[in-house]
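Colleague: Quick check, what structure comes out for this input:
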Amino acid sequence: MERGTQLLGVVGWSGSGKTTLLEYLVSQLAAQGKRVNVLKHSHHDIILEPAHKDSARLRRAGAAEILLASPYRYALVHELRDAPEPTLSELLCRLAPSDLILVEGFKWEPIAKLEIHRPSIGKPAIFREDSHIVAVASDVAAPDDLPPGLIWLDLNQPGTVLEWLSEAMQKNLFAIRA
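Modeller: Predicted coordinates for the structure are as follows:
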């Protein structure tokens, strides 16, 4: 992984608005000329092509990897075939150089994280159990017992989240230490 790349996890319960906020942040940072990679963890199988298409047929035939390429994009599909799921570190090494890598999921990893918290979905805040959460974007006011140093952002004002992230990146707060 290239020196100078920064890494921030984005965590929250399903339905909290992670993808909506990420979409906004990525679009704004890209418009500023930043190269942003996103690594998204899924607990579900990943289907890139329908079963009858060539790459799916070749995977089923036993190919270890399929690199599907077009004039618009390419996708590398690596079949695990009962091997353990790669670690976050192993996956990060496969990404192209960038200014920022946003990691959605991987809640258990000891990396700096932004939590997206909406109490209305009925799930508890994660920041109380995870000391790696450096900021929370929420649609409610900060609790009175907010841990010292934890940043509280207004999820309904995504520009403030972008401003916080941009300032943190300028200070190199999420630098990957090799």
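
Colleague: drop to CA atoms for contacts and neighbour counts, all remaining ones
Modeller: Noted.

Colleague: show me the contacts for the residue most central in space within the chain.
Modeller: Most central in the chain under Cα atoms, centre = their mean is residue 103, positioned 2.1 Å from the mean C-alpha point. Counting by Cα atoms under 8 Å, 6 or more residues apart in numbering, residue 103 touches 7-10, 38-41.

Colleague: List only buried entries from those residues.
Modeller: 7-10, 38-39 (16 or more other Cα atoms under 10 Å).

Colleague: For residue 22, see how far away residue 133 is.
Modeller: Applying Cα to Cα, to the nearest Å, the value for residue 133 to residue 22 is 16 Å.

Colleague: How about residue 95?
Modeller: Taking Cα to Cα, one finds residue 95 at 18 Å from residue 22.

Colleague: for residue 55, same thing?
Modeller: In terms of Cα to Cα, residue 55 sits 29 Å off from residue 22.

Colleague: Where do the helices of the chain begin and end?
Modeller: 18-31, 54-61, 88-92, 158-170 (DSSP state H).

Colleague: Least reliable of these by average pLDDT, please.
Modeller: Lowest mean pLDDT of these: helix 54-61, a mean of 86.

Colleague: List the buried residues for that helix?
Modeller: For helix 54-61, by 16+ other Cα under 10 Å, it's 55-56, 59.

Colleague: returning to that earlier point: okay, residue 133 and residue 22: which has more neighbours?
Modeller: The neighbour count for residue 133 versus residue 22, taken as other Cα atoms under 10 Å, is higher for residue 133 (23 against 18).

Colleague: from what I can see that one touches residue 110, true?
Modeller: No: applying Cα atoms under 8 Å, one finds residue 133 not in contact with residue 110, separated by 9.3 Å.

Colleague: what do these two both touch?
Modeller: By Cα under 8 Å, 6+ apart, residue 133 and residue 110 have no common neighbours.

Colleague: residue farthest from the centroid of the protein?
Modeller: Distance from the centre of the chain peaks at residue 61, with 31.8 Å (Cα atoms, centre = their mean).
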